Structure formats: C-alpha cells, structure tokens
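[1] need coordinates for the below:
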Amino acid sequence: MRYFYSAVLYIALPFIVLRMLWRSRRAPAYRHRLAERLAHFDTTALAADRPVIWVHAVSVGETIAAAPLVEALLTRYPGHSLVVTTTTPTGSERVRALFGDRVFHVYAPWDLPGATRRFFATLKPRLLLLMETELWPNLFHACHYRSVPLLLINARLSARSVAGYRRVRTLVGQTLSCVTEIAAQTTTDAGRFESLGADAGGISVTGNMKFEQRIPQSLLERAEVLRRDW
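    Okay, here's the model as predicted:
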C-alpha cells in the first residue's frame, strides 16, 4: 500500500507544485523556498556536532500550541539542536517570531520517499515530536526504519477523519504501527486512534495543549526516558 501511495504522490507532484504556484497569487510566500519541500536546504546555521530534536507543527495554531514544548526542550537540552518545521508560510512566520535563531526552521518535506530520505540524511534527527494529526506513511516509515522515536503530541482525530482513514485502513494501520507514543487530547481521540490500529499500550490522554499551554508532566517524563535511549 505504501508503494502504491508513493507512486500516486510522484504522479501528482507536478500538480502539487502548480497548486502551490496558484495559491501564491494571493499569498506569494507559497512560491518561495519550494526547494525545501523536497528537502533541499542550507544547514550552515545548524551546529554539526549536536544531536537534533525535530518538532513539526503544521501551521499557526499548532505552532502556538507547541511553543511551551519547544521552550521546555530548549531549556532541558541545551546541548541539542532543535529543528522546527511547518507546512504553511504563516506557520513559518510564527516560528521565526516566537523563537528567532534559537531553533533551526525549514519547511517539512513532502511525503515522498526521496525527499524524506534527504531530510533524514541531512539532519539526522534523534527524535520527532509531531503535533496533532499528521499521518504521513513515508515519514513514519523513515522513523521506524531508522529507529527514531516518533511521538504524536496533542493528537486528535475527528469522526470525519476516522471515516476517511478507514477507507485506507491497511495503509493507516501500517503507518500508526511506526508510532512510539501517542499523547491524545481526549479519551475519544485515544479510542479513535486505537480503532485504526494504534497500539493501546502506547496511547495516553494528556489534554489539549492549545487550551492548557503547559507540558503534561507525563509527557516530559516519557521524553526523558526516550532521550536516555538515544
């Protein structure tokens, strides 16, 4: 299923690029830094001798919700480089406004096998913390293949999303099997992830970080355990 998914993505790539250019008519930032979407970027500003922790937040809301987590990581692991990726230009602007040069920011790669391999080869992340609901088969497989712990943070699934994912349940189940831990917003979200194939033993309920704006102690403790295993 993942190979078929990847083939469809490669076929769709020209149309994805055209869509970005079309969106850039109203938001010019969408046509800037397109190479980053394929994992071509300059790492001069990134310390080469430090292990990398990667945090992914799609856009503005997820970036704001992730801010306490990022600040906690910067404080707890001063010897690490923190990479924060987004998908949208507005998310990119928010990362730079909140953290400046304290983190290394690029766009997340499109979920193509080649782009994903380049991203991992370039940054060599030791841990990925992914905000909310971003299920990318090739990215998740890359983490599993390289034994990179992957945590879904502030994770949520709507009933509509579950219905859509069930149409490709085999692919979604394979994708979720690559996840190390899921920190779900509610018990309902936890149950929905489990219904799609996630391991119940790896799911905890930590609340909604967007409202609480704090890092659950259980999540910090789990991150510390994973860090010791690096």
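[2] Thr187 and Ala163, how far apart?
    Thr187 sits at a distance of 19 Å from Ala163 (criterion: C-beta to C-beta, to the nearest Å). The way it works is simple: take the backbone N, C-alpha and C, and place the C-beta from them, glycine included.
[3] then Leu129?
    Here Leu129 is placed at a distance of 27 Å from Ala163 (C-beta to C-beta).
[4] all strands of this protein, in order?
    With DSSP state E, the ranges of strands along the chain come out as 52-56, 81-86, 104-107, 125-131, 150-155, 181-184, 203-205.
[5] could you check the angle the first one makes with strand 125-131?
    Okay, so that is strand 52-56. 20 degrees (axes from the mean of the first three to the mean of the last three C-alpha atoms, to 10 degrees).
[6] packing partners for strand 52-56?
    For strand 52-56, the helices and strands in contact under the criterion 3 or more C-beta pairs under 8 Å, 6 or more residues apart in numbering; DSSP states H and E are helix 60-76, strand 81-86, strand 125-131.
[7] tell me what the first one is packed against?
    The helices and strands touching helix 60-76, judged by 3+ C-beta pairs under 8 Å, 6+ apart, are strand 52-56, strand 81-86, helix 89-99, strand 125-131, strand 150-155, helix 209-212, helix 217-228.
[8] and those as CSV, adding mean neighbour count?
    Converted to CSV, these look like this (neighbours: other C-beta atoms under 10 Å):
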stretch, mean neighbour count
strand 52-56, 23
strand 81-86, 24
helix 89-99, 18
strand 125-131, 24
strand 150-155, 25
helix 209-212, 16
helix 217-228, 14
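[9] okay if I get these as CSV plus distance to Ile11?
    Listed next are the helices and strands packed on helix 60-76 as CSV, based on distance: least, C-beta to C-beta, whole Å:
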stretch, distance to Ile11
strand 52-56, 25
strand 81-86, 25
helix 89-99, 26
strand 125-131, 26
strand 150-155, 27
helix 209-212, 36
helix 217-228, 37
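[10] same list, those, but as TSV with mean pLDDT and distance to Val106 please.
    What follows is these, written out as TSV (pLDDT from 0 to 100; distance: least, C-beta to C-beta, whole Å):
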stretch	mean pLDDT	distance to Val106
strand 52-56	97	10
strand 81-86	97	6
helix 89-99	95	9
strand 125-131	96	12
strand 150-155	95	18
helix 209-212	67	23
helix 217-228	57	22
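[11] okay, now the unreliable bits of the protein?
    211-230 (pLDDT under 70).
[12] so which of the helices and strands packed on strand 52-56 gets nearest Thr175?
    Proximity to Thr175 (C-beta to C-beta) singles out strand 125-131 among these, at 11.8 Å.
[13] what's in contact with that closest one?
    The contact list for strand 125-131, computed with C-beta atoms under 8 Å, 6 or more residues apart in numbering, reads 51-58, 62, 65-66, 69, 80, 83, 143, 148-154, 223, 226-227, 230.
[14] can you put the strands of the chain in CSV and add distance to Ala7?
    Conversion of the strands of the chain to CSV gives the following (distance: least, C-beta to C-beta, whole Å):
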stretch, distance to Ala7
strand 52-56, 24
strand 81-86, 25
strand 104-107, 23
strand 125-131, 24
strand 150-155, 24
strand 181-184, 28
strand 203-205, 31
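[15] of the ones you listed, which approaches Arg31 most closely?
    Among the strands of the chain, strand 104-107 comes nearest to Arg31, with 12.4 Å by C-beta to C-beta.
[16] tell me which other helices or strands the closest one touches.
    In terms of contacts (3+ C-beta pairs under 8 Å, 6+ apart), strand 104-107 is packed against strand 81-86, helix 89-99.
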